[in-house]
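Undergrad: The following comprises the amino acid sequence and a computationally predicted model.
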Amino acid sequence: MRSRLSAVSILLSLAIAATANVAAQQNNAPHLKKRGAATQLIVDGHPFLILGGEILNSSSSSLDYMKPIWPRLASMNLNTVITPLSWELVEPTEGNFDFTLVDGLLAQARQQHEHVVFLWLASWKNGMSSYAPAWVKHDTHRFPRVVEHNREVEVLTPLAAATQQADARAFAALMRHIKEADSQDHTVLMMQVENEVGVLNDSRDHSAAADQAFASPVPKQLTQYLESHHDQLYPDLRALWDANGDRTTGSWPEVFGDTIRADEAFMAWHYATYIEAVAAAGKAAYDIPMYVNTWLAGDDSTPGQFPSGGPEPRVVDIWKAAGSAIDIYAPDLYAENFIDWCRRYHRDGNPLFMPETRGSTAGAANVFYALGEEAGIGFSPFAIDALESDPSGDLASSYAAIASIEPMLLAHQSAGDVHGFVLDKNRSSVDFAMNGYTVHVSRDQIFGSQADSGFGLIMATGLDEFLGVGKGFRVSFVPRSGPQVGIASIDEGKFVDGQWIAGRRLNGDEDDQGQYWRFDPRHLSTEKLKLYRYQ
Ligand code: DGJ
């Protein structure tokens, strides 16, 4: 019954949302747009890069607490703050909505010329349901819970229509209010719907309703998606479905194999259809980009050790099959193998956005890879309001440098000819093709001293002209054909309001006697390079 009801409600909401989407773009609401090689966030009619940070879970529950935080984040060169909003504080008693906090947070953000991405912490947060209002928590009959190991746990099950409808109603009320309060200012850029959903400590819900659904046929909407997208499916999911004969009929174990992976696929579908309904109801009220975030599975962990059913790369296709109200599938990317995870999410039309990641020195480097190499729409370390979040100021410096070249970076993201990199002892160099050259970037070294690490990005700005930002690396060029190449000039400088202000002309030791385009490991620099050709 729920699946038919939710399918009708999703379809109806999506039809309304599709109309709203056109209206949103017409009234210039923030939206995503495919621009050449990149999908970019458009704000007030222009592409925009989120140089952000997510504040701690409880900070934004108090306007007084937040008052000194906004100017501190602005001083760290953030342009966007990822800000929790909870169902319990928005709808403290059923049907009575309180937007005092929302309005206060918007006013504080505007005072500091900051944008906001709101996190809708409602049915789930880190797999649990602590942000649901008390009137939901009390009524376990109307709002049933997940059963794990024969015991009800404090987690709302995604198989309950009443819970989905209550969550969707509250979210739609919030989005109507945000539209009323912000459709001119566009302070709010996107919405995160729920937070790191999935079943923890078990691989699926074992409630009676879940057991019955698990033994029932996999919905046609899903099997038809798998069939029509077979070649684009994430390799791991395609292999799983292929291994079971690419079945388009049968129960979950019959289609996905009688293993824990079927449990994960089952939960992915139910979280996805639930959250699609919530997001679609919100979009019907105010259509701005909406995304979900993911507690990433460790390479050796099993569903339940990480939240089973969350939008891991290997089940994102199942999430996509549930609908189109979710625009972005986002990693909470704390893992050391940062580049691997970026690539697992930046695929099949999914733009890269990370609402949570490491900050400080690691974030200061990773942002260049995310926004350069992967054409990311934004970057946002977690706990940005913690006093020790950026002790060295490295992240603030990276954000300032990227902000100074933002229009150019966005243009080259769209052209698909910018490369970002992070170098260390495990990844000491990278090569890429650019402007008719093979470009070799390696950790900087001179007079026998090699930098431990380096990071930055490079873009071609004209025939034999390049712009580079970063530190700790050096660059050489090998022509793909034609005459030999040499360094004509290197100028360091900065962009101020889009205008280039030249500084030193770098030569001698600063470009290793004309052999390399060098970036000093001791400080970030922005440099322009001109090459020349000779026989
Ligand atoms: C990821 C969650 O999304 C955040 O809300 C927070 O709990 C962090 N983990 C803590 O590391």
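TA: Now that the structure is in, tell me what you want to look at. Numbering: from 1, shown residues only.
Undergrad: CA atoms for contacts and neighbours, from now on please.
TA: Will do.
Undergrad: Now do the same contact list for the residue nearest to residue 425 when sequence neighbours are not counted.
TA: Leaving aside its chain neighbours, residue 425 sits nearest to residue 452 (6.6 Å; criterion: CA to CA, 6 or more residues apart in numbering). Taking CA atoms under 8 Å, 6 or more residues apart in numbering, we find residue 452 in contact with 424, 425, 443, 472.
Undergrad: Give me the buried subset of those.
TA: 443, 472 (16 or more other CA atoms under 10 Å).
Undergrad: Please identify the pairing partners of the longest strand along the chain and their relative orientation?
TA: Assignment by DSSP state E gives strand 484-496 as the longest strand of the chain. Here strand 484-496 has these sheet partners by DSSP bridges: strand 499-505 (antiparallel), strand 525-534 (antiparallel).
Undergrad: Spell out which residues of the stretch 151-300 of the chain are next to the ligand.
TA: 195, 196 (CA under 6 Å from any ligand atom).
Undergrad: Quick one: the strands in the stretch 151-300 of the chain, in order.
TA: For the stretch 151-300 of the chain, the strands defined by DSSP state E, counting those that start in this stretch cover 151-156, 188-195, 290-295.
Undergrad: quick one: the helices in the stretch 351-500 of the chain?
TA: Secondary structure of the stretch 351-500 of the chain (DSSP state H, counting those that start in this stretch): helices located at 360-368, 394-404, 406-415.
Undergrad: before we move on, the earlier item: to residue 126, which of the strands paired with strand 484-496 lies closest?
TA: Residue 126 sits nearest to strand 525-534 of all the strands paired with strand 484-496, at 39.0 Å, using CA to CA.
Undergrad: hmm, back to that, need phi/psi at the residue nearest to residue 425.
TA: phi -70, psi -30 (degrees, to the nearest 10).
Undergrad: before we move on, what about residue 339?
TA: According to degrees, to the nearest 10, residue 339 has phi -70, psi -40.
Undergrad: residues touching it, list them.
TA: Counted by CA under 8 Å, 6+ apart, residue 339 has contacts residue 369.
Undergrad: circling back to that earlier point, may I see the helices of the stretch 351-500 of the chain arranged in a markdown table, with distance to the ligand as well?
TA: A markdown table is the format used below for the helices of the stretch 351-500 of the chain (distance: least, CA to the nearest ligand atom, whole Å):
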| stretch | distance to the ligand |
| --- | --- |
| helix 360-368 | 15 |
| helix 394-404 | 19 |
| helix 406-415 | 28 |
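Undergrad: Tabulate the ones you listed (CSV), appending mean neighbour count.
TA: As requested, the helices of the stretch 351-500 of the chain are exported to CSV (neighbours: other CA atoms under 10 Å):
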stretch, mean neighbour count
helix 360-368, 23
helix 394-404, 21
helix 406-415, 19
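Undergrad: Low-confidence ranges, the stretch 1-150 of the chain, go.
TA: 1-27 (pLDDT under 70).
Undergrad: how about the contacts of residue 452, which pair is most distant?
TA: For the contacts of residue 452, the maximum inter-member distance is 12.4 Å, found between 425 and 472 (CA to CA).
Undergrad: shared neighbours, those two?
TA: Joint contacts of residue 425 and residue 472 (CA under 8 Å, 6+ apart) are 452, 453.
Undergrad: Dump the helices of the stretch 351-500 of the chain to TSV, plus mean pLDDT.
TA: Formatted as TSV, these follow (pLDDT from 0 to 100):
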stretch	mean pLDDT
helix 360-368	97
helix 394-404	97
helix 406-415	97
